[in-house]
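Enquirer: Kindly return the folded structure for what I paste below:
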Amino acid sequence: MLPISASIAIPDHEIQIHAIRSQGAGGQNVNKVSTAIHLRFDIHASSLPLFHKNALLNLRDHRISADGVITIKAQQHRTQERNREDALSRLKTLILRAMIPRKKRKATKPTKGAHERRIDSKKRQGRLKALRRTTE
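Expert: Presented below is the predicted three-dimensional model:
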């Protein structure tokens with residue numbers, strides 16, 4: 001069970017975890033031992049509330065596929081246990097980030113000074129272009 005908040009937790013059977021071999025430097029340990037963790041979490045098939053599912057699906061994150069599956073690969077640590085903890089904490093962070101409500105944008109008007117500076121700048125640019133014109 002992965003606790004997300006006081007009222008939300010993800011059961012273990014909804015999270016698929018596979019151990020695979022790590023990439024990169026590490027010598028014999030990397031070549032022999034499957035220490036990297038490949039985590040998959042299907043948003044549509046999960047027991048999360050509908051509001052949180054929609055918030056997750058609307059996130060712009062490369063780890064969320066078009067099918068609604070979150071894929072996380074953890075291979076920073078030497079042991080499988082530490083990589084598993086890292087992958088689960090990254091999943092929890094991603095879900096918590098989606099739960100934060102977005103602020104609505106308030107429409108604002110430019111100040112009078114900003115408006116005047118913009119108009120003055122346009123007039124100056126127009127005068128400069130007028131000086132470049134050839135007179136016949």
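Enquirer: helices and strands of this protein: which one has the lowest mean pLDDT?
Expert: helix 28-32 (a mean of 79; mean pLDDT, DSSP states H and E).
Enquirer: With just CA atoms, put it into PDB.
Expert: Provided in PDB are the C-alpha atoms of helix 28-32 (Å, rounded to 0.1, in the frame of the first residue of the first chain):
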ATOM      1  CA  GLN A  28      30.400  -6.600 -13.200                       C
ATOM      2  CA  ASN A  29      27.700  -5.500 -10.800                       C
ATOM      3  CA  VAL A  30      25.700  -3.800 -13.600                       C
ATOM      4  CA  ASN A  31      26.200  -6.700 -16.000                       C
ATOM      5  CA  LYS A  32      25.200  -9.400 -13.600                       C
END
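Enquirer: got the buried residues for that helix?
Expert: Val30 (16 or more other CB atoms under 10 Å). C-beta: built from backbone N, CA, C; applies to glycine.
Enquirer: I'd like the next helix or strand past that helix.
Expert: strand 36-42 (DSSP states H and E).
Enquirer: quick check: mean pLDDT across that next one?
Expert: Strand 36-42 shows an average pLDDT of 94 in the prediction.
Enquirer: what pairs with it, and is each one parallel or antiparallel?
Expert: Counting by DSSP bridges, the strands paired with strand 36-42 are strand 15-20 (antiparallel), strand 69-74 (antiparallel).
Enquirer: contact partners of the first one?
Expert: With CB atoms under 8 Å, 6 or more residues apart in numbering as the test, strand 15-20 has contacts from 2, 34-41, 80, 84, 87-88, 91.
Enquirer: if we can go back for a sec, run through who's touching the least confident helix or strand of the chain.
Expert: Against helix 28-32 from outside (CB under 8 Å, 6+ apart): Arg21, Ser22, Gln23, Gly24, Thr35, Arg78.
Enquirer: Distance check, the third one against Arg132.
Expert: What that stands for is Gln23. Separation of Gln23 from Arg132 (CB to CB, to the nearest Å) stands at 59 Å.
Enquirer: And these two? Which one has more around it.
Expert: Gln23 (10 against 6; other CB atoms under 10 Å).
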